[in-house]
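Student: Sequence and predicted structure below; questions after.
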Amino acid sequence: MFSSNSQKLKLNSKTAVFIDYANVYGWRDKLANPVDPTKLFRYLKSYSKIKLINLYYGSDTNPQSKEFLKKIVKIGYNLTTKAVKYIIIGKIDGQIIKKRKCDFASLYTYLISHHKQVVVVYTKGHIGREIWDIKKGLFKIQIDQLLI
């Protein structure tokens, strides 16, 4: 994802990744190359601390979308196809996290309140106000190129 070892993520403990692919897809107009989901998955798997890689994507009847979802599962992502505004997070440290509203802001707030490290990677203009307004405990990384 980053071009040198000095830019690698420093993960302190077991890590779960939550990808809102609608946002990642929206980065295509800001990045030199679109994000390749296979390369992104391989990159994330290169970190031994990353235990879960979850991808959220809206359900669609479009044949291309259906093929994309099949590809995502084949790659190895844990896929959830619900409206991302209402997601079931699952278990984190034995706690069942039920439906949370407002994309990932409530998840980040929950994790921060439980002293978890939260990193948000985004491109200019592609971070929600509710995420930007989280001032403590959230590491925000703006990227111009995704090099994987």
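Tutor: Done, it's in. Numbers count the residues shown, from 1 in each chain.
Student: Could you use CA atoms for every contact and neighbour count after this?
Tutor: OK.
Student: Shouldn't Arg44 be within a helix?
Tutor: Careful, residue 44 is Leu and not Arg. Yes. Under DSSP: H, G, I helix; E, B strand; the rest coil, Leu44 falls within a helix.
Student: now that we're looking at it, how far away is Ile75 from it?
Tutor: Distance of Leu44 to Ile75, computed by CA to CA, to the nearest Å: 12 Å.
Student: Spell out the residue ranges of the helices in the chain.
Tutor: Secondary structure of the chain (DSSP state H): helices located at 21-26, 37-45, 63-75, 105-113, 129-132.
Student: And the third one, what's buried?
Tutor: In other words, helix 63-75. Judged by neighbour count (16 or more other CA atoms under 10 Å), helix 63-75 contains these buried residues: 69, 72.
Student: Mind checking the pLDDT average for it?
Tutor: Averaged across helix 63-75, pLDDT comes to 90.
Student: With the shortest one instead?
Tutor: Here the mean pLDDT over helix 129-132 is 85, rounded to a whole number.
Student: Name the residues of that helix that are buried.
Tutor: For helix 129-132, by 16+ other CA under 10 Å, it's Ile131.
Student: What lies in contact with that helix?
Tutor: With contact meaning CA atoms under 8 Å, 6 or more residues apart in numbering, helix 129-132 is reached by 104-105.
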